[in-house]
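> Predicted structure and sequence below. I'll ask about it afterward.
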Amino acid sequence: MNKVAKISIGASSTGIGRIGGNIPVCFLEKKENIEGFKFYMTIQNPDNSDEYISIFIPDSYDTMVDDNIYPNCSLKVFTHSFSDESCNSFYTLEGLQKSSLTGYKEVENEVFDFVTRTQHPQLIQDEDYYFKKLEEDGFTFYLQIDEDYYPENLLSGDYILGYGAIYLYKHNKTGNIIAGFWQYS
């Protein structure tokens, strides 16, 4: 079974995370880790309700395109405990309407949504050079985030990932979660 979470347009506190908005409070004292980045989303870890995963996107789309595959994937992923939204708008992505993410729902293996916890990703480009080095270094696919499932009116302007998807990987021994790669269509 897959676990999926959807975007619910509008900001609500009844969810397992959010896309858009200001950085979580926990990053206010760690600004050096996010300089040159914009906040994309935060979501509860589907396997640990006490842990959240926050993703940051480089300011430069060219940097994102040039560095899109492990070990040089330019997207930053952080795990942390729950943290409220801060008032700091410096790292906020323009054109992305802050929206909540619904609770995880178990669905059939072939069903995907904005966030999908599954054993096998739904790749845009199915080339092994995306994941070969990750697997060699002890990482296993963990979660995907897919812009194909954006609702209408979420964005004003270009897609953040070029109508693409982020593929998170988890280290088999340390449990560290990283952005393994991202793809666009």
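Right, received. Where do you want to start? Numbering: from 1, shown residues only.

> can you tell me which residue is nearest the centre of this structure?
The residue at the geometric middle of the chain, judged as the C-alpha nearest the mean C-alpha position with Cα atoms, centre = their mean, is residue 55 (4.9 Å).

> thinking that residue is in contact with residue 167, fair?
No: in this structure residue 55 lies outside contact range of residue 167 using Cβ atoms under 8 Å: 11.6 Å. From N, CA and C alone the C-beta is placed, and that goes for glycine too.

> So what's the gap between the longest strand along the chain and the chain middle?
Among all segments of the chain classified by DSSP state E, the strand with the greatest residue count is strand 48-58. Taking Cα atoms, centre = their mean, to the nearest Å, one finds strand 48-58 lying 7 Å from the centre of the chain it belongs to.

> One more: stretch 66-82?
Distance of stretch 66-82 from its chain centroid, counting by Cα atoms, centre = their mean, is 9 Å.

> gap between the two ends of that stretch?
Between the opening and closing residues of stretch 66-82 we find a distance of 32 Å, counting by Cα to Cα, to the nearest Å.

> Now stretch 113-120: buried residues?
Counting neighbours by 16 or more other Cβ atoms under 10 Å, one finds that the buried residues in stretch 113-120 are 113, 114, 115, 116, 117, 118.

> for these, which one is nearest residue 78?
Residue 78 lies nearest to residue 115 out of these, by Cβ to Cβ, at 16.2 Å.

> picking up where we left off before, show me whatever sits in contact with both of residue 55 and residue 167.
Taking Cβ atoms under 8 Å, 6 or more residues apart in numbering as the contact criterion, the residues that touch both residue 55 and residue 167 are residue 179.

> one step back: give the other helices and strands that the longest strand of the chain contacts.
With contacts taken as 3 or more Cβ pairs under 8 Å, 6 or more residues apart in numbering; DSSP states H and E, strand 48-58 sits against strand 37-45, strand 76-80.

> Give the next helix or strand downstream of the host helix or strand of residue 166.
Taking DSSP states H and E as the definition, residue 166 sits inside strand 164-171. Going down the chain from strand 164-171, the next helix or strand is strand 177-184, by DSSP H and E.

> Just give me how far that following strand sits from the chain centre.
Going by Cα atoms, centre = their mean, the spacing between the C-alpha centre of strand 177-184 and its chain's C-alpha centre is 8 Å.

> what's the angle between it and strand 76-80?
140 degrees (axes from the mean of the first three to the mean of the last three Cα atoms, to 10 degrees).

> phi, psi of the residue of the chain positioned farthest from its centre?
Largest separation from the mean C-alpha position in the chain: residue 136, at 22.7 Å (Cα atoms, centre = their mean). With angles defined as degrees, to the nearest 10, residue 136 shows backbone torsions of phi -60, psi -30.
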